[in-house]
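[1] here are the coordinates; sequence isn't available:
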């Protein structure tokens, strides 16, 4: 009887241990599954936050890039406008230098050579066979009136402030002494220049009649060369009006 009771108690305890073990196992599995799910959810949240942060950084960087591109386009336009202005100024400066005589130039025109006459051949007044400073001055004015755009005498560029004078027996142009023969280069309409100087009653005709030796060469192509003015323009009394 006692042994039967002990066996029953052992069986009951054994069954209870089995159920307890099964319960513990089930609980452990449930907790493990729950922990895994929670861990996965946390990782997904961190990944989502990271993606959002990088997206925000990208949008900010893209906005900055667009702003810089706008600034770059403005700079390009400014540089383009400045280049156009600089090109215009350069062209104007080049034209002004031509007018002032600061540039070597060439073009169609005529070359006039004046020499003192031979007193043994010409029996007129001795003074008339000599080339004077006023002769050069009058020839230069005649060329200008005929349309000459650039003139030089023996390599000296004639400008608006050029002085032609005679000191003793020496002629000076731009303060530089020059001597015979006097070679005058003139760029302009060649036919017109030639006709205006050789027409009857013209100044060269009068000089030639006085015994001065004259030679005129006419060039239709860009053969005549006139050197630039080597001096310096100075102003002492004039000033800009504000």
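    Okay, I see it. Everything numeric here is computed off the predicted structure, so don't read it as measured data.

[2] now the strands for this protein?
    105-115, 150-153, 156-157, 164-167, 170-173, 176-178, 182-187, 213-226 (DSSP state E).

[3] what about stretch 231-242, how long is it end to end?
    29 Å (C-alpha to C-alpha, to the nearest Å).

[4] list the buried residues of it.
    Within stretch 231-242, the residues scored as buried using 16 or more other C-beta atoms under 10 Å are residue 231. C-beta coordinates here come from the backbone N, C-alpha and C atoms, glycine included.

[5] for stretch 131-141, same thing?
    Within stretch 131-141, judged by 16+ other C-beta under 10 Å, the buried ones are 131-133, 135-140.

[6] residue 229 and residue 158, how far apart?
    Look at residue 229 and residue 158: by C-beta to C-beta, to the nearest Å, they are 9 Å apart.

[7] I meant to write residue 109 there.
    Per C-beta to C-beta, residue 109 is found 13 Å from residue 158.

[8] residue 128 too?
    Distance from residue 128 to residue 158, counting by C-beta to C-beta: 24 Å.

[9] could you check which of the two is surrounded by more residues?
    Of the pair residue 128 and residue 158, residue 158 is the one with more neighbours under other C-beta atoms under 10 Å, namely 25 against 15.

[10] which residues sit in contact with that one?
    Applying C-beta atoms under 8 Å, 6 or more residues apart in numbering to residue 158 gives the contacts 101, 140, 150-152, 173.

[11] out of these, which one sits closest to residue 185?
    residue 152 (4.8 Å; C-beta to C-beta).

[12] where do the helices sit along this protein?
    Under the criterion DSSP state H, the chain carries helices at the ranges 2-100, 133-145, 190-198, 203-209.

[13] so what secondary structure elements neighbour the shortest one?
    The helices and strands touching helix 203-209, judged by 3 or more C-beta pairs under 8 Å, 6 or more residues apart in numbering; DSSP states H and E, are helix 133-145, helix 190-198, strand 213-226.

[14] could you redo the last one with a cut-off of 10 Å?
    strand 105-115, helix 133-145, helix 190-198, strand 213-226 (3 or more C-beta pairs under 10 Å, 6 or more residues apart in numbering; DSSP states H and E).

[15] lowest-confidence helix or strand of this protein?
    The weakest-scoring helix or strand in the chain, judged by mean pLDDT, DSSP states H and E, is helix 2-100 (a mean of 64).

[16] for the helices and strands packed on helix 203-209, give me JSON lines that also has distance to residue 237 and mean pLDDT.
    Below are the helices and strands packed on helix 203-209 laid out as JSON lines (distance: least, C-beta to C-beta, whole Å; pLDDT from 0 to 100):
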{"stretch": "strand 105-115", "distance to residue 237": "30", "mean pLDDT": "95"}
{"stretch": "helix 133-145", "distance to residue 237": "25", "mean pLDDT": "94"}
{"stretch": "helix 190-198", "distance to residue 237": "35", "mean pLDDT": "92"}
{"stretch": "strand 213-226", "distance to residue 237": "30", "mean pLDDT": "92"}
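
[17] got CSV for the ones you listed, with distance to residue 73 too?
    Shown next, in CSV, are those (distance: least, C-beta to C-beta, whole Å):
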stretch, distance to residue 73
strand 105-115, 42
helix 133-145, 51
helix 190-198, 52
strand 213-226, 44
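
[18] between the ones you listed, which one is nearest to residue 167?
    helix 133-145 (9.2 Å).

[19] tell me what that closest one is packed against?
    Against helix 133-145 (3+ C-beta pairs under 10 Å, 6+ apart) you get strand 105-115, strand 150-153, strand 164-167, strand 170-173, strand 182-187, helix 190-198, helix 203-209.
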